[in-house]
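**Q** Predicted model and sequence follow; I will ask about them next.
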Amino acid sequence: IETIEKTTDTIITLTTEKKIMVEEEPEVIIERIKEFRREINCPQLKKS
């Protein structure tokens, strides 16, 4: 993700310059990105 901008909807611009229009607010998208990064950096231990 390169940029997230708020218009009527939210437009996410990727580093490939592709643009994606979504309904979620930028704050929601940012929180989801943070959750994803936490999840991939600290995966839960597998139960044996």
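**A** Thanks, I have it.
**Q** can you pull out the helices in this protein?
**A** Along the chain, counting by DSSP state H, helices occupy 26-41.
**Q** which residue sits closest to the residue most central in space within it in space, ignoring its chain neighbours?
**A** Nearest to the centroid of the C-alpha atoms of the chain, with distances taken as Cα atoms, centre = their mean, sits residue 33, at 3.8 Å. Nearest non-adjacent residue to residue 33, counting by Cβ to Cβ, 6 or more residues apart in numbering: residue 1, 7.2 Å away. Placement of C-beta: from N, CA and C, glycine included.
**Q** Likewise for residue 25?
**A** residue 10 (6.5 Å).
**Q** For that neighbour, list each beta-bridge partner.
**A** Counting by DSSP bridges, residue 10 forms beta bridges with residue 6, residue 22.
**Q** ok so, going back, surely the residue nearest to the centre of the chain is in contact with residue 12?
**A** No. Counting by Cβ atoms under 8 Å, residue 33 does not reach residue 12; the two are 10.2 Å apart.
**Q** Report all helices and strands that the lowest-mean-pLDDT helix or strand in the chain contacts.
**A** Least confident helix or strand of the chain, by mean pLDDT, DSSP states H and E, is helix 26-41 with a mean of 91. Applying 3 or more Cβ pairs under 8 Å, 6 or more residues apart in numbering; DSSP states H and E, we find helix 26-41 packed against strand 3-6, strand 10-13.
**Q** could I get the first one in PDB with only the CA atoms?
**A** The reference is to strand 3-6. C-alpha atoms of strand 3-6 as PDB (Å, rounded to 0.1, in the frame of the first residue of the first chain):
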ATOM      1  CA  THR A   3      -1.400   5.700   0.000                       C
ATOM      2  CA  ILE A   4      -4.900   5.700   1.500                       C
ATOM      3  CA  GLU A   5      -7.100   8.700   0.800                       C
ATOM      4  CA  LYS A   6     -10.600   9.600   1.900                       C
END
